[in-house]
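Student: fold the stuff below for me.
(2 chains)
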Amino acid sequence: MSEVAMVVPHKGGFSFDLCRRNEMLSGKGLKPPSFLKTGTTIVGLVFQDGVVLGADTRATEGPIVADKNCEKIHFMAPNIYCCGAGTAADTEAVTDMVSSQLQLHRYATGRESRVVTALSLLKTHLFRYVQGYVSAALVLGGVDVTGPHLHTIFPHGSTDTLPFATMGSGSLAAMAVFESKYREGLNRAEGISLVSEAICSGIFNDLGSGSNVDVCVITEGHVEYLRNYQLPNPRTYISSRGYSFSKGQTEVLSARVTPLKQKEAVAEADFMEE
Amino acid sequence: MAHDEDVAGSERTLYPYVTGTSVIGIKYKDGILMAADTGGSYGSTLRYKSVERMKVIGKHSLLGASGEISDFQEILRYLDELILYDNMWDDGNSLGPKEIHNYLNRVMYNRRNKFNPLWNSLVLGGVKNGNKYLGVVTMLGAHYEDNHVATGFGNHLAVPILRSEWKEGMSFEEAVKLLEKCLLVLLYRDRSSINKFQIAKITEEGATIYPAYSLKTFWGFSAFQNPGQFAEGTW
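Tutor: Predicted structure coming up:
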């Protein structure tokens, strides 16, 4: 009877499996691939009925805008959403993974997920890959049975509980707006307006952020995902009539017709000798 | 003049020692308003708490500086000499902010080209013959002018606010309120700023540097009271 050898991952601690291989490759001159980063502005704030999350929609690959309208607000649970800054693949993968774990947990417990559960799962995963190798900086927000909660999670695995939070390259521009205008007990409209103002501040003052504003409002029992809530960067100067290139529009200076060579008609086909 | 390679032991500026943080400047109805805190940091220590980082230059200008304090004092000596020579002409003419800005730009750029920079970001504002002028010169010799400027951390925290809330022809009170808004954000989020600020004003009539004062801060958010209440192990 053959034994099935299973590779069981370590339960805890840093996984050093690929370190030797990476070192060997860089010794041979292989430069590690550059990451698709989301050079971002993500924000969250707590208002009187719940949490509002906001994000810009630009994904950069070095100096180039790789995706003009990406989605940075990720689903974690029906009552919990997470904005991600840093390496796009990392934020996507880590939020997906924790979202699945939360669903399994919901099946096992038969209860609505709590924000602290998502928080603990995310921070333990990020801490495992310590040194910040999983480069994901997250703003996690949701409303559960204990109330509305907002947390920030840093790539090394530390977390903060905050009334308002910003992350990403545009975080200072957005934080400037929050620090000067936030107060407790905002209503829904004020919360959304302050979040989109903070994201716009990031979009226009930070080169790593741009395009549109996504907003997600989470209240008890109800979530409103406002994709492309604001489009402050429309394409300008496009002709509304469209473009037409009719004959005679371009002046012909001279014309010369060169007939292509006539194809030689093969009278007899030579068969290849087998 | 011996080059610094000739002298035993190079004497080029390599890093700053005692530094001042951001300076913010805006144009308003009657002239220019500038604000800066009065802190001088020695690395991560708050060594000096009453450093005046804004000074009046001549009749028409106000200079604010962030960065190395000793280099700022040296610049003040250069400008002193410049103004003195200008006064000695006694021709009724006086150097305006544009001229001072240009002079500073030349000084900073030439120093940087010799790899011996004056480690400052300067904000130069003034009014002459009714024309308001507000400009910046950096330690690399880059210069620009605008309706609202900031140095250091102010570039990241104050400029976004100024860009969205500054408008033409603000009154003195409105302008001070706007500056205080920016100063408060800087106080919260810049580790090297302190809660002791000075506002300086320059108009056609003259310049005033107001005495230092503090801003009121708010720390009463409920999430700050017991952050680990619902989430064990979080800050």
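Student: the most centrally placed residue in chain A: what's it in contact with?
Tutor: By Cα atoms, centre = their mean, chain A has its centre lying nearest to A:Lys72, at 3.5 Å. A:Lys72 makes contacts with A:Thr38, A:Thr40, A:Ile42, A:Ala55, A:Asp56, A:Thr57, A:Cys83, A:Gly84, A:Ala85, A:Thr91, A:Asp214, as judged by Cβ atoms under 8 Å, 6 or more residues apart in numbering or on different chains. The C-beta positions use only the backbone N, C-alpha and C, and glycine is treated the same way.
Student: redo those residues as a markdown table? Include neighbour count and secondary structure.
Tutor: Shown next, in a markdown table, are the contacts of A:Lys72 (neighbours: other Cβ atoms under 10 Å in any protein chain shown; DSSP: H, G, I helix; E, B strand; the rest coil):
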| residue | neighbour count | secondary structure |
| --- | --- | --- |
| A:Thr38 | 34 | coil |
| A:Thr40 | 33 | coil |
| A:Ile42 | 33 | strand |
| A:Ala55 | 32 | strand |
| A:Asp56 | 33 | coil |
| A:Thr57 | 25 | coil |
| A:Cys83 | 32 | strand |
| A:Gly84 | 28 | strand |
| A:Ala85 | 30 | strand |
| A:Thr91 | 25 | helix |
| A:Asp214 | 26 | strand |
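Student: closest one of those residues to chain B?
Tutor: A:Asp56 (13.6 Å; Cβ to the nearest Cβ).
Student: mind listing what's buried in the helix or strand of chain B with the lowest mean pLDDT?
Tutor: For chain B, counting by mean pLDDT, DSSP states H and E, helix B:222-225 ranks last in confidence among helices and strands (a mean of 85). By 16 or more other Cβ atoms under 10 Å in any protein chain shown, the buried positions in helix B:222-225 come out as B:Ala223.
Student: cool, and stretch A:87-105?
Tutor: A:Thr87, A:Ala88, A:Asp90, A:Thr91, A:Glu92, A:Val94, A:Thr95, A:Val98, A:Ser99, A:Gln101, A:Leu102, A:His105.
Student: ok, and what's touching it?
Tutor: A:35-38, A:59, A:70, A:72, A:74-77, A:80, A:82, A:84-85, A:113, A:117-118, A:121-122, A:125-126, A:134-136, A:138.
Student: Throw together a PyMOL command that grabs the buried residues out of those.
Tutor: Buried residues within the contacts of stretch A:87-105, by 16+ other Cβ under 10 Å, are selected in PyMOL with:
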select buried, chain A and resi 36+37+38+59+70+72+74+75+76+77+80+82+84+85+113+117+118+121+122+125+126+134+135+136+138
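Student: which ones among the contacts of stretch A:87-105 map onto helices?
Tutor: Using DSSP state H, the subset of those located in helices is A:Thr117, A:Ala118, A:Leu121, A:Leu122, A:His125, A:Leu126.
Student: ok, which pair from these is furthest apart?
Tutor: Pairwise distances among the ones in helices among the contacts of stretch A:87-105 were taken by Cβ to Cβ; the largest, 15.2 Å, belongs to A:Thr117 and A:Leu126.
Student: where exactly do the strands run in the chain?
Tutor: Just going to use chain A. A:42-47, A:50-55, A:59-61, A:64-67, A:73-77, A:80-86, A:136-144, A:147-153, A:159-161, A:164-167, A:213-219, A:222-230 (DSSP state E).
Student: that's the wrong chain, I wanted chain B
Tutor: Going by DSSP E, chain B shows strands at B:18-20, B:23-27, B:31-37, B:40-42, B:45-48, B:54-57, B:61-68, B:120-128, B:131-137, B:143-145, B:148-150, B:197-203, B:207-209.
Student: so which of the ones you listed comes closest to chain A?
Tutor: Per Cβ to the nearest Cβ, nearest to chain A of the strands of chain B: strand B:148-150, 10.8 Å.
Student: shouldn't A:Val215 be in contact with A:Asp56?
Tutor: No - taking contacts as Cβ atoms under 8 Å, A:Val215 lies outside contact range of A:Asp56: 11.0 Å.
Student: need the overlap of contacts for those two.
Tutor: A:Ile199.
Student: quick one: low-confidence ranges for the chain?
Tutor: Picking chain A for this. A:1-14, A:32-38, A:130-132, A:266-267, A:269-270, A:273-274 (pLDDT under 70).
Student: wait, I meant chain B there
Tutor: Those would be B:1-10, if you go by pLDDT under 70 across chain B.
Student: let's see that with 90 instead.
Tutor: For chain B, applying pLDDT under 90 flags the ranges B:1-14, B:115, B:221-235.
Student: remind me, longest helix of it?
Tutor: When chain B is parsed with DSSP H, its longest helix is helix B:69-89.
Student: for that one, packing partners?
Tutor: On a contact count with 3 or more Cβ pairs under 8 Å, 6 or more residues apart in numbering or on different chains; DSSP states H and E, helix B:69-89 meets strand B:18-20, strand B:54-57, strand B:61-68, helix B:97-113, strand B:120-128.
Student: what's next to it, contact-wise?
Tutor: Under Cβ under 8 Å, 6+ apart, the answer for helix B:69-89 is B:13, B:16-20, B:40, B:48, B:51, B:53, B:55, B:57-58, B:63, B:65, B:93-95, B:100, B:103-104, B:107, B:118-120, B:122.
Student: buried by neighbour count, from the residues you listed: which ones?
Tutor: Listed as buried from the contacts of helix B:69-89 are B:13, B:16, B:18-20, B:40, B:51, B:53, B:55, B:57-58, B:63, B:65, B:95, B:100, B:103-104, B:107, B:118-120, B:122; burial here means 16+ other Cβ under 10 Å.
Student: OK, now which residue of the stretch 1-150 of chain A is nearest to chain B?
Tutor: Counting by Cβ to the nearest Cβ, the stretch 1-150 of chain A gets nearest to chain B through A:Val116 (4.5 Å).
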